[in-house]
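[1] just a sequence and a predicted model for now, questions to come.
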Amino acid sequence: MSRLTVGSIEGLTENSNVISVPTGHSLNVTDAAGLQIGGSAVVSAGLVFISRTTIGSAVSSVTLSNIFSADYDNYRILISGGSGSSNQFIQFSFPGAATAAYNYQIVYGAWNNTASASGASGAVAYFPYMGTCTPTSLQGCVDIQSPYLTEQTFLGSFYARPGHIGTVTANVLNDTSSYTGVTVAPASGTFSDGNIDVYGYVKS
Amino acid sequence: MTRAEYEAQHPLGSVNVQQDGETRPMTEAEWTAWVDQAMEAQAAEQAEADAQSAKDATKQSAIEKLAALGLTVDEIKEAFGLEAPQ
């Protein structure tokens, strides 16, 4: 394995496996095949990390502003670690969206294979089944399509927790507003610690 | 859980809101609205559970009536697609 020594490169510092690039500088790496990372040409990496938000203590909601932009059309949000004050679902809402715009449907199975379904149109101002919190964990895996574009916003999620159920959910925010952020909250009670990671799907 | 129990579990001052990394305690107005929403969500969840129980009871009653006509449980399950996925 080759090793990159960056101590001699002006403006760059070495810190374990992290290369820090000072503000105003850029780092371009080109491999033998001509793939370039950084600079104006970004290699197609699939998902690109946008932000990590650490949940504070006994928090009822976390609003993430300015996470959606013209840089990406589609996003994934992962919620992990931490804990909830009780077993609850985690819900998403889009600041400024009208209650009438929220449409969702879930099809879920209890661990005993009993199938059920639930859904609503314009009944509540949030999508209720984006993940779960338990006294020992937080879980959420949500794909969000076109929140920033002036068209409907689509969400897909699943949740699963011990002793409860697993589901697939389909959700549409049926308006054509452009949204730059989302609010994440337990259905009731609070959650603590844990992380909310946001990724963008590279367009090409 | 009653409202009093919920409020005792999450008293004003103990609940925070977070925006873009900044965490602050809820105001009294925010906290009251938050408790209201939790109670509404709890009522909706209970209503859904009651509706599901009613459906289950109806299904069980139908199965019992069919069984009284001489159908076996397996025949009833097959007819209504009630077999669990293999």
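    Yep, that arrived.
[2] which of the three states applies to B:Met39?
    Following DSSP: H, G, I helix; E, B strand; the rest coil, we place B:Met39 in the helix state.
[3] my guess is it contacts B:Arg3, does it?
    Yes - applying Cβ atoms under 8 Å, one finds B:Met39 in contact with B:Arg3, separated by 5.7 Å. C-beta here means a position set from N, CA and C on the backbone, and glycine is covered the same way.
[4] more neighbours: which of these two?
    Each of B:Met39 and B:Arg3 has its neighbours counted (other Cβ atoms under 10 Å in any protein chain shown); B:Met39 has more, 16 against 12.
[5] how about the contacts made by the nearest residue to A:Gly84 once chain neighbours are set aside?
    Closest residue in space to A:Gly84, ignoring its immediate chain neighbours: A:Cys133 at 2.7 Å, by Cβ to Cβ, 6 or more residues apart in numbering or on different chains. For A:Cys133, the contacting residues are A:Gly82, A:Ser83, A:Gly84, A:Ser85, A:Ser86, A:Asn87, A:Gln88, A:Phe89, A:Ile90, A:Gln139, A:Pro186, A:Phe191, by Cβ atoms under 8 Å, 6 or more residues apart in numbering or on different chains.
[6] make it 7 Å
    Listed by Cβ atoms under 7 Å, 6 or more residues apart in numbering or on different chains, the contact set of A:Cys133 reads A:Ser83, A:Gly84, A:Gln88, A:Ile90, A:Pro186, A:Phe191.
[7] please identify the helix or strand for residue 57.
    Because you didn't say which chain, this covers chain A. Assigned by DSSP states H and E, A:Ser57 belongs to neither a helix nor a strand.
[8] please refer instead to chain B.
    Short version, using DSSP H and E: B:Ala57 is in helix B:28-68.
[9] ok, then the element right after that helix?
    Helix B:28-68 is succeeded, C-terminally, by helix B:73-79 (DSSP H and E).
[10] returning to what we had before: so which elements touch the helix holding B:Ala57?
    Under the contact definition 3 or more Cβ pairs under 7 Å, 6 or more residues apart in numbering or on different chains; DSSP states H and E, helix B:28-68 sits against helix B:3-9, helix B:73-79.
[11] check which residues of the first one are buried.
    When you say that, I think you mean helix B:3-9. B:Tyr6, B:Glu7 (16 or more other Cβ atoms under 10 Å in any protein chain shown).
[12] chain center to the following helix or strand past it, what's the gap?
    Reading on from helix B:3-9 to the C-terminus, the next helix or strand found by DSSP H and E is strand B:16-19. Remark: strand B:16-19 is offset 26 Å from the chain centroid, using Cα atoms, centre = their mean, to the nearest Å.
[13] what's downstream of strand B:16-19, the next helix or strand?
    Counting by DSSP H and E, what follows strand B:16-19 is strand B:22-25.
[14] listing partners with orientation, what would you give for that next one?
    strand B:16-19 (antiparallel) (DSSP bridges).
[15] what sits up against the partner strand?
    Contacts for strand B:16-19 (Cβ under 7 Å, 6+ apart): A:55-63, A:65, B:23-26, B:30.
[16] ok, so of those, who is nearest A:His25?
    Distance to A:His25, by Cβ to Cβ, is smallest for A:Ser65 among the contacts of strand B:16-19, at 27.3 Å.
[17] grab the nearest non-local neighbour of that closest one.
    Per Cβ to Cβ, 6+ apart, closest to A:Ser65 is A:Gly181, 4.1 Å.
[18] residue contacts, that neighbour?
    A:Gly181 touches A:Thr63, A:Leu64, A:Ser65, A:Asn66, A:Ile67, A:Phe68, A:Pro95, counting by Cβ under 7 Å, 6+ apart.
[19] and the pLDDT for the closest residue to the fourth one other than its chain neighbours?
    The one in question is A:Asn66. Nearest residue to A:Asn66 in three dimensions, chain neighbours excluded: A:Thr180, at 5.2 Å (Cβ to Cβ, 6+ apart). Looking at A:Thr180, its pLDDT stands at 97.
[20] A:Thr180 should be in a helix, yeah?
    No - per three-state DSSP, A:Thr180 lies outside any helix segment and is coil.
[21] quick one: it and A:Leu64 touch, right?
    No - contact criterion Cβ atoms under 7 Å: A:Thr180 and A:Leu64 do not qualify, at 9.3 Å.
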